[in-house]
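Student: Show me how the following folds:
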Amino acid sequence: DFIVKPDALTRGAGVVIGKEVSSNEWIQVLAKCMDGQHVVQQFVDAPVKPSKFEWTGRNEQEFYGVDLFLLDGKFSGAVSRSHQSRVFNIGNGGKESVTLVVRDEDVA
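Tutor: Here you go, the predicted structure:
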């Protein structure tokens, strides 16, 4: 499975996940990519977590990911994001969540 991303757009605009479109649509997407203005990557599916929205009482499922940050090759932080769509970031309605990092020396 593959994903296509325009190289100059942000916030998930123009992103197409191959397995979410028909074969004919995918062929059309790939034809548009021949202009050299897109990135094609292997698709890695995001895990799903159940979420309960307190303000509505509804149970939903969200895709989520954790981004790790390194500075000079050493861990320097993390952030987690989630969305009801596989294309998720904060700019298109995704949520950023508190990410707890526990170091070995903190648990000793």
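Student: most centrally placed residue in this structure?
Tutor: Among the residues of the chain, Phe88 comes closest to the average C-alpha position under Cα atoms, centre = their mean, at 4.4 Å.
Student: Tell me the secondary structure at it.
Tutor: coil (DSSP: H, G, I helix; E, B strand; the rest coil).
Student: Just give the nearest non-adjacent residue to it, would you?
Tutor: Gly94 (4.1 Å; Cβ to Cβ, 6 or more residues apart in numbering). For glycine as for every other residue, the C-beta is placed from the backbone atoms N, C-alpha and C.
Student: Arg86 is in contact with the one you found, correct?
Tutor: No - counting by Cβ atoms under 8 Å, Gly94 sits too far from Arg86 to count as a contact (11.0 Å).
Student: Between those two, which has more neighbouring residues?
Tutor: Set Gly94 next to Arg86 and count neighbours by other Cβ atoms under 10 Å: Gly94 wins out with 21 against 16.
Student: ok, now which ones touch that one?
Tutor: Arg81, Ser82, His83, Phe88 (Cβ atoms under 8 Å, 6 or more residues apart in numbering).
Student: Phe2 now?
Tutor: Gly18, Val40, Gln41, Gln42, Phe43.
Student: List just the nearest of these to Leu100.
Tutor: Phe43 (28.5 Å; Cβ to Cβ).
Student: separation between the closest one and Leu70?
Tutor: 24 Å (Cβ to Cβ, to the nearest Å).
Student: between these two, who's got more neighbours?
Tutor: Phe43 (15 against 9).
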